[in-house]
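*Asks:* here is my input, please return the structure:
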Amino acid sequence: MDEARDAAARMGLPLVIRPAYTLGGSGGGIAKTEEEFEAFAQSGLSSSPISQILLERSLEGWKEIEYEVLRDGADNCITICNMENLDPMGVHTGDSIVVAPSQTLTDKEYQMLRTASLKIIRGLGIEGGCNVQFALQPHPNVAKVIEVNPRVSRSSALASKATGYPIARVSAKIAVGRRLDEIENAVTGQTKAAFEPALDYCVVKIPRWPFDKFPNGDRSTTTQMKATGEVMVIDRSFEAAMQKGARSLELGGKTLLWEDPAWSSGSGATADDLPLGPNDMRLWGIMAALRRGYTVNQLVERTLFEPWFLFAFERIVKMERRLLAEELTQELLHESKRMGFSDVQIGTLADMLPEQVRNLRRQWGLRPVYKTVDTCAAEFEATTPYYYSTYDEENEAEPLPGKKALVIGSGPIRIGQGIEFDYCSVHAAWALSESGVRSIMVNSNPETVSTDFDSSDRLYFEPLDEESVRDIIDNETGDEDSGGIPPASVVQFGGQTAIDLSQALSAAGLPILGSSAEAIDIASDRHKFEDFLSRLGIPQPPGGAVSTVSDALQVAQTIGYPAVVRPSYVLGGRAMEIVQNATELIRYLGAATEISPTRPVLIDRYMEGKECEVDAICDGEGVLIPGLMEHVERAGVHSGDSMAIYPGLNLTEDEVDTIVDYTTRIGLALGVRGLMNVQFVIHGATVYVIEVNPRGSRTIPFISKVTGLPVARLATRVMLGHTLAEEGYPTGLWPRQGLVGVKAPVFSMAKLIGVDWHLGPEMKSTGEVMGIDRNFSAALTKALLAARLNLKEGIGVLLSVADQHKAEAVSIIRGLNQAGCPLYATEGTAAMISAMGLPVTMTTKKLSEGHPNVMDVINDGSVGAVINTLSGVSDVLRDGFYIRRAAVERQMPCFTSLDTARAAVESLLSGNAVYDIGTTSDYLNGR
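*Replies:* Modelled structure (predicted):
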């Protein structure tokens, strides 16, 4: 820190702090004050694995440009593409809207930066892909190199999908000695990889932030990336691509028309009422400002955006006004569709239903055509079936002949819906192709394998909404006069995105492969599912599905508090919560969810029992269960945030038999064809069903790897009409394997300032890891190490345990003492530890009442882990928030569930068990 302070004194503020060997700007930021400098420098040093930070002069407000370049061992260099950030310097490129190719550079600027990029990759001697980021000040024309990534990066994936040029594949071939002129262009099949891609379309990337999960977090965007995913869209104009991009984000149906009701629209409204600074709502704030008469020049001053982009947004607003004021003629409809307006937007502005707009389009012959992404701007014929839609003349995607099916992907990665659904989609596409059925993939995510051009027989890079999917199905059906049959849609592998589309597709008379829309609706609708289980005589926690606030209060009073509230048709525990009283229930129903007869809310009695889950494959005649997974944490923690163990080591034979029986009965009665996931809680001697998901779940990759069963592929074969017996598989519970697998969650809370990440019924983790070995202790140790939740012998541990958990914490505290860990604790917990006769250092949680306090011992390194459980009392929650945030920002293990903490302590006491290193095949085959 002394070196950092000396450098800052010489250079002066503002400064950008960039930690070494980190991704996404972790731990860094722009320091404009001495206080901010101290905080960012300290967090940067903590985040860097080599405790090193780079201090550089802030270029906030300059234009940010990226070049993706490639070089082989013979010094042949090419530019794949360049990309322009809409947000100026000061916002991490992962949090910025990005357009390719650049739209506002002069030819002189373009060539200057291209030449510099090629000099850099040659000067560094990089062989393979390289990303170069520049800051550009146009007047005067000055450019600075921000950073060079001598590897494939997040931007490389975007550049690959934007151009169709497989950067990673070509880089791998360069690594083994191939030259660019020796490597075939897999897209054209005619040219070599030495040809620079040419783009005759516009690509837009928009980040997907998790603030729908964390509305109270710090929503500002800075040099530290906060987005969990992104979408990419392609069209012939920037305006159309932006509109499609907004639809692709899947933010509850938000388009660029959306405005927050809290934004003032009265005559006294000012730009200060709108989110025009760097934040996740900036795009919608700019559109709202333009509707209120703010000029482009005024917005340039506020946002530092290039005027070219703001003029494009202004053209969209002008079209909105035309749709509001004019009669919807064929010409106006065509113009608005070319500008990217959806049927929903046009219907809203023209006072029509979306289906009426669609019918008008069909009547007037206004349908999108599909163009090929070919790397060469149509100079050569492409062999790769990779398409985007636009309202133009020539359609380059004629319907695929023969049997075919549409696989609906999962869209942008976000909390609750991650890469595990992409795994399922890809395996489904492969299984379809293996079965002689042409696979058609639809997705909007450039980060996924499913949007690789060779993962399916045909790829459409499109928004995953009803309009886009139905248009694609129409295109694949062919001309109505030719008697074309629409392809069936696979909705079981795209998470909640695909499931939500099932009802609309069914209502439009379009076929669904596998489970019917009715079966999906029964399992997803809380009211219908409650009745369904009652008819089967399968117990569920006492409660009821409600459609009004008064009904909710009545049900909660009958079953008693605490109660769990769950909306219909959600994923990742979206808006799930445990409420302690009627006041909390009313607040929840008013703020957290929509309640209506079509979207009832289920209110259950909260049961703190043992939770477990199964995935199952059903063929209509029998049910195959690959394995049982037992959660380390008790019910009340979302399954995606729980550690899961295969097989269920602590389940009795009767409990296993009951789970298998209930799963089989549910699958057959529901008429499931394909996959389903069932979650249970065991309370006392009774097994209760919590919920059934009529689709592939996030545990499919895990259960597939630990059992060796190709679950997604087998389910796809079943959806095509094959039986389990025909595929050579039995029904019932698949034989237990001679291994133990432990799945552990991974959190990204350090990047989300102001967010409290304590475990609860709403999912907060962004990923997961797996430990696999021949016994539980070794598998658990591997999982904890991979998730960075392992405890080290002798480290200090800070404890702040709620009164209702103190008795349960006794064994954990004794274990920590036995492992030689110095104990620090807040007032009440310290008193308990002293009463146990163990040494403890009391640290106050009230930051204004002396030292050492909880922040001191975390910040000075006295402790290396935190155990903090919640009481539900708001003041205590607030005190604990500072503890949890400080621990997360110092990247130390922080346990809010005693079950997780106990597992970590047991692993520590076992000497962080000796584990084997082997392949998954070794463990499955008993080698």
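*Asks:* send the alpha carbons of stretch 458-476 over as PDB?
*Replies:* The C-alpha trace of stretch 458-476 is given here as PDB (Å, rounded to 0.1, in the frame of the first residue of the first chain):
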ATOM      1  CA  ARG A 458     -28.900 -25.200 -38.700                       C
ATOM      2  CA  LEU A 459     -28.500 -22.200 -36.400                       C
ATOM      3  CA  TYR A 460     -30.700 -19.200 -36.000                       C
ATOM      4  CA  PHE A 461     -29.200 -16.300 -34.000                       C
ATOM      5  CA  GLU A 462     -32.500 -14.700 -32.800                       C
ATOM      6  CA  PRO A 463     -34.400 -13.500 -29.700                       C
ATOM      7  CA  LEU A 464     -36.100 -16.200 -27.800                       C
ATOM      8  CA  ASP A 465     -39.600 -14.700 -27.800                       C
ATOM      9  CA  GLU A 466     -42.900 -15.900 -29.300                       C
ATOM     10  CA  GLU A 467     -42.600 -13.700 -32.400                       C
ATOM     11  CA  SER A 468     -39.100 -14.800 -33.400                       C
ATOM     12  CA  VAL A 469     -39.700 -18.500 -32.700                       C
ATOM     13  CA  ARG A 470     -43.000 -18.600 -34.600                       C
ATOM     14  CA  ASP A 471     -41.400 -16.800 -37.600                       C
ATOM     15  CA  ILE A 472     -38.600 -19.400 -37.700                       C
ATOM     16  CA  ILE A 473     -41.100 -22.200 -37.500                       C
ATOM     17  CA  ASP A 474     -43.000 -20.500 -40.400                       C
ATOM     18  CA  ASN A 475     -39.800 -20.300 -42.400                       C
ATOM     19  CA  GLU A 476     -39.000 -24.000 -41.800                       C
END
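*Asks:* helices of the stretch 351-500 of the chain, start to end?
*Replies:* Under the criterion DSSP state H, counting those that start in this stretch, the stretch 351-500 of the chain carries helices at the ranges 354-363, 419-434, 466-477, 495-507.
*Asks:* now the angle between helix 354-363 and the last one, please.
*Replies:* Angle, helix 495-507 to helix 354-363, by axes from the mean of the first three to the mean of the last three C-alpha atoms, to 10 degrees: 60 degrees.
*Asks:* of all the helices of the stretch 351-500 of the chain, which one is nearest Ile408?
*Replies:* helix 495-507 (4.0 Å; C-beta to C-beta). (Glycine included, C-beta is placed from N, CA and C.)
*Asks:* follow-up on the earlier one: let me know which of the helices of the stretch 351-500 of the chain is the nearest to Arg154.
*Replies:* That would be helix 419-434 among these, by C-beta to C-beta, at 13.8 Å.
*Asks:* give me the buried positions along the closest one.
*Replies:* 419-432 (16 or more other C-beta atoms under 10 Å).
*Asks:* same question, stretch 276-295
*Replies:* Quick answer for stretch 276-295 (16+ other C-beta under 10 Å): 276, 278-290, 292, 294.
*Asks:* list of residues touching that stretch?
*Replies:* Contact with stretch 276-295 is made by 87, 90-91, 97, 206-207, 209, 211, 219-222, 226, 246, 254, 256-260, 263, 265, 269, 271, 274-275, 298-299, 302-303, 305, 310, 313-314, 316-317, 320, as judged by C-beta atoms under 8 Å, 6 or more residues apart in numbering.
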